[in-house]
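Student: Please work out how this folds:
(one chain, ligands or ions: 1)
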Amino acid sequence: MKNYKIAIIKGDGIGPEIIDEAVKVLDAVSACSGFHFKYEEALMGGIAYDMTGNPLPNETINISLNSDAVLFGAIGGDKWDNLARELRPESGLLRFRKELGVYANLRPAIVYDELINASSLKPSVIKGVDLMVVRELIGGLYFGEPKGRDEDKGWNTMVYTRSEITRIAHQAFQIAMTRSKRVCSIDKANVLDVSQLWRDVVTEISAEYPEVELSHMYVDNAAMQLIRDPKQFDVMLTGNIFGDILSDEASMLSGSIGLLPSASIGSKIGVYEPIHGSAPNIAGLGIANPIATIASASMMLRYSLDEAQAADKIDAAIKRTLREGYRTQDLAQFDAKEVCSTSEIGSIIANYISK
Ligand code: NAD
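Tutor: Numbers count the residues shown, from 1 in each chain. Alright, predicted model coming up:
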């Protein structure tokens, strides 16, 4: 029997609650799929700071690098907001992504038919939306040098090298090959030199994928088109800051931030996490929606472990749960047959997999 080593980072706020449900579902899928998971827990975020004085202990990096994939909850909270920037939970997460070399962030935005009324957009605009934002994650404005501030001025630098653009472009084209074979590259080439290089390199790489149709769009137009006609998009390829903003915008097409997963992949270990944060306002209440984290576990099976059939089982069980009308409180007003706790939703999904 195959054994997979999974690093589990629960983090802060609702992190532990939602990860527990994802593990429950992973155990259900492994029981009927001929492989086994060995989990190893590691600390990150506020809890890591409280216990070790460091939001990202070296041990966490070592455990992660020695695993087949990382399943991650969320970090952060008011309690740690006044720490020096390098000690804050968010700094630990940025450093973690850099250490693991996860340069590609994949964020699918899918509108479930069962929740078509949960979006603030009209059903006719969003029915059938199934797009994937491929965001560059460890370069661009969030990492560029020089950066700094003094009393009167603050500055950051947006830098991309040819090699950084090349590797993320390959990811986007390869993912498009498994989907509808369309890539829309988002930039601001009319104003930014860094974007003109981005556009030139993406166009060069596209020659290696003749089956994929490439288009380019300015980021301001893309923000508008995502709301006007999201179905026009298949794969959206973006740099770090543009992708950060557009993928949050895309997430609202589906109605709740609690539904959407993400994968961060690169040359070493993949990290799988919900797109939302640690939601301190609902932590410990048992009402958090675990579906984004469970769907992240499905992406882990698909992209890091090459277990697509098992991933399909999880995705089908999530759909069935929503179709049968089981909802956490964030979706209670949308055709709920029964409003369930975090743990009840996890159990329902796990049961559908086992049956
Ligand atoms: P958030 O995503 O944590 O919460 C935003 C809103 O969505 C809140 O009302 C919350 O209750 C709700 N929400 C989020 N996830 C939910 C779920 N699964 N089910 C139901 N409702 C859910 O964003 P925020 O409030 O801006 O940030 C809170 C903390 O999380 C901050 O410290 C922030 O820095 C951190 N954060 C962490 C990550 C990460 O770990 N990757 C990402 C974003 C924010």
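
Student: Quick check: bridge partners of the spatially most central residue of the chain?
Tutor: Taking Cα atoms, centre = their mean as the criterion, residue 262 is the residue nearest the geometric centre of the chain, at 1.9 Å. With beta bridges defined as DSSP bridges, residue 262 has these partners: residue 273.

Student: Now do it against residue 297, distance only.
Tutor: Distance, residue 262 to residue 297, by Cβ to Cβ, to the nearest Å: 12 Å. Where C-beta positions appear, they are placed from N, C-alpha and C, glycine not excepted.

Student: just residue 117 next, same as before
Tutor: Residue 117 is 27 Å from residue 297, by Cβ to Cβ.

Student: Pick out whichever of the two has more residues nearby.
Tutor: Taking other Cβ atoms under 10 Å, residue 117 and residue 297 do not tie; residue 297 has more neighbours (27 against 11).

Student: and the more buried one, what does it touch?
Tutor: 22, 25, 26, 71, 272, 314 (Cβ atoms under 8 Å, 6 or more residues apart in numbering).

Student: Just the ones of the residues you listed in helices?
Tutor: Judged by DSSP state H, the subset of those located in helices is 22, 25, 26, 314.

Student: which one of those is nearest the ligand?
Tutor: residue 22 (11.5 Å; Cβ to the nearest ligand atom).

Student: From the rest of the structure, what touches stretch 279-290?
Tutor: By Cβ under 8 Å, 6+ apart, the list of residues contacting stretch 279-290 from outside reads 12-14, 17-18, 21-22, 74, 76-78, 256, 258-259, 328-331, 341-343, 345-346.

Student: Narrow the contacts of residue 297 to just the buried residues.
Tutor: Buried by 16 or more other Cβ atoms under 10 Å: 22, 25, 26, 71, 272, 314, out of these.

Student: I'd like those as TSV, with distance to residue 175 and pLDDT appended.
Tutor: Listed next are these as TSV, based on distance: Cβ to Cβ, whole Å; pLDDT from 0 to 100:
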residue	distance to residue 175	pLDDT
22	23	98
25	24	98
26	23	98
71	21	98
272	15	98
314	19	98
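
Student: I'd assumed residue 6 was in contact with residue 41.
Tutor: No - look at residue 41 against residue 6 with Cβ atoms under 8 Å: they stay out of range, at 9.9 Å.

Student: out of those two, which sits in the busier spot?
Tutor: residue 6 (22 against 12).

Student: so what's residue 140 closest to, chain neighbours aside?
Tutor: Nearest residue to residue 140 in three dimensions, chain neighbours excluded: residue 240, at 3.5 Å (Cβ to Cβ, 6 or more residues apart in numbering).

Student: Tell me, what's the model's pLDDT at that neighbour?
Tutor: Among the per-residue scores, residue 240 holds a pLDDT of 96.

Student: Phi, psi for it please.
Tutor: With angles defined as degrees, to the nearest 10, residue 240 sits at phi -60, psi -60.

Student: Residue 208 too?
Tutor: Dihedral angles (degrees, to the nearest 10) for residue 208: phi -80, psi -10.

Student: can you tell me which residues contact residue 154?
Tutor: So residue 154 contacts residue 148 (Cβ under 8 Å, 6+ apart).

Student: The residue nearest to residue 140 is in contact with residue 134, isn't it?
Tutor: No - using Cβ under 8 Å, residue 240 makes no contact with residue 134, being 11.6 Å away.

Student: and the stretch 251-355 of the chain, which of its residues are near the ligand?
Tutor: Counting by Cβ under 6 Å from any ligand atom, the stretch 251-355 of the chain comes close to the ligand at 257-258, 273, 276-282, 288-289, 292, 330.

Student: if we go to 5 Å?
Tutor: 257, 258, 276, 277, 278, 279, 281, 282, 288, 289, 330 (Cβ under 5 Å from any ligand atom).

Student: Closest one to residue 67 out of those, please.
Tutor: residue 278 (22.1 Å; Cβ to Cβ).

Student: which secondary structure element contains residue 277?
Tutor: Secondary structure assigned from DSSP states H and E places residue 277 in neither a helix nor a strand.

Student: Residue 8 too?
Tutor: strand 2-11.

Student: Tell me which residues touch residue 314, please.
Tutor: Neighbouring residues of residue 314 by Cβ under 8 Å, 6+ apart: 25, 29, 294, 295, 297, 298, 301, 349, 353.

Student: what do you get if the cut-off is 6 Å, keeping everything else the same?
Tutor: By Cβ atoms under 6 Å, 6 or more residues apart in numbering, the contact set of residue 314 is 29, 298.

Student: could you measure it against residue 131, distance?
Tutor: 20 Å.

Student: Residue 351 too?
Tutor: 30 Å.

Student: likewise residue 236?
Tutor: In terms of Cβ to Cβ, residue 236 sits 6 Å off from residue 131.

Student: Comparing the two, which shows the higher neighbour count?
Tutor: residue 236 (28 against 24).

Student: Give the burial count for residue 126, as a bare number.
Tutor: 23.

Student: quick one, phi psi at the nearest residue to it once chain neighbours are set aside?
Tutor: Excluding the flanking residues, the one nearest residue 126 by Cβ to Cβ, 6+ apart is residue 111, at 4.7 Å. Per-residue torsions, residue 111: phi -100, psi 110 (degrees, to the nearest 10).

Student: residues in contact with residue 111?
Tutor: Residues in contact with residue 111, defined by Cβ under 6 Å, 6+ apart, are 126, 129, 253, 254.

Student: ok, the first one - contacts?
Tutor: Pointing back at residue 126 there. Residue 126 neighbours (Cβ under 6 Å, 6+ apart): 111, 119, 253.
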